[in-house]
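Engineer: below: sequence and its predicted model.
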Amino acid sequence: MRIWSLHPKYLDAKGLVALWRETLLAKHVLEGSTRGYKHHPQLHRFQAAEKPLEALNQYLSIVWEEAQARNYHFDKDKVNWDFKHTFLPLTQGQLDYEMVHLLKKLQTRDVGKYEELVEMKSWEAHPLFRIIEGDIEPWEIMTK
């Protein structure tokens, strides 16, 4: 499960669809409607929020909006739109790590998207997150 801290506009088609599905799975976990993934590291930041489900629905709303912008047909009813906007902290180190991680994935999965993004010097975070100084988040599972 990867719930990207990056803005979903950077994801290729496969990545955006996977993000939608994985975030819906995370929502089910927080709702208590599934037994698996309860302690998955990607959920820690949502579980630490004052209102975890509201934060996750806010996250999903942005993914849904990106899908709409691409004319994808994600089910709007999967999002509980009755959330209050909040912000969660995210370290600059985590955002930087995810930039590199995504580029590595795109190099083999979507060369066109890779070439579109590879020269970028800085990327936006998902609007739920506010950047703070710091290294890679402690919940991140590092890949080589």
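Structural biologist: Perfect, I can see it now.
Engineer: ok, and what's touching the helix-or-strand element of the chain with minimal mean pLDDT?
Structural biologist: Lowest by mean pLDDT, DSSP states H and E among the helices and strands of the chain is helix 44-47, with a mean of 92. Here helix 44-47 makes contact (C-beta atoms under 8 Å, 6 or more residues apart in numbering) with 3, 26, 30, 52, 55-56, 59, 88, 90, 137, 139. C-beta here means a position set from N, CA and C on the backbone, and glycine is covered the same way.
Engineer: just how off-centre is that helix within its chain?
Structural biologist: Chain-centre distance of helix 44-47: 12 Å, with C-alpha atoms, centre = their mean, to the nearest Å.
Engineer: then stretch 134-144?
Structural biologist: With C-alpha atoms, centre = their mean, you get 15 Å for stretch 134-144.
Engineer: from Q68, how far off is E98?
Structural biologist: 23 Å (C-beta to C-beta, to the nearest Å).
Engineer: and if you look at L56?
Structural biologist: Counting by C-beta to C-beta, the gap from L56 to Q68 is 19 Å.
Engineer: okay, those two: which has more neighbours?
Structural biologist: With neighbours defined as other C-beta atoms under 10 Å, L56 and Q68 compare such that L56 has more, 27 against 12.
Engineer: going along the chain, name the strands of the protein.
Structural biologist: 88-91, 129-132 (DSSP state E).
Engineer: so what strands line up beside the last one?
Structural biologist: Pointing back at strand 129-132 there. Next to strand 129-132 in the sheet, as set by DSSP bridges, lie strand 88-91 (parallel).
Engineer: ok, R130 - contacts?
Structural biologist: With contacts defined as C-beta under 8 Å, 6+ apart, the neighbours of R130 are 87-90.
Engineer: low pLDDT regions in this protein?
Structural biologist: For the chain, the stretches with pLDDT under 70 are 144.
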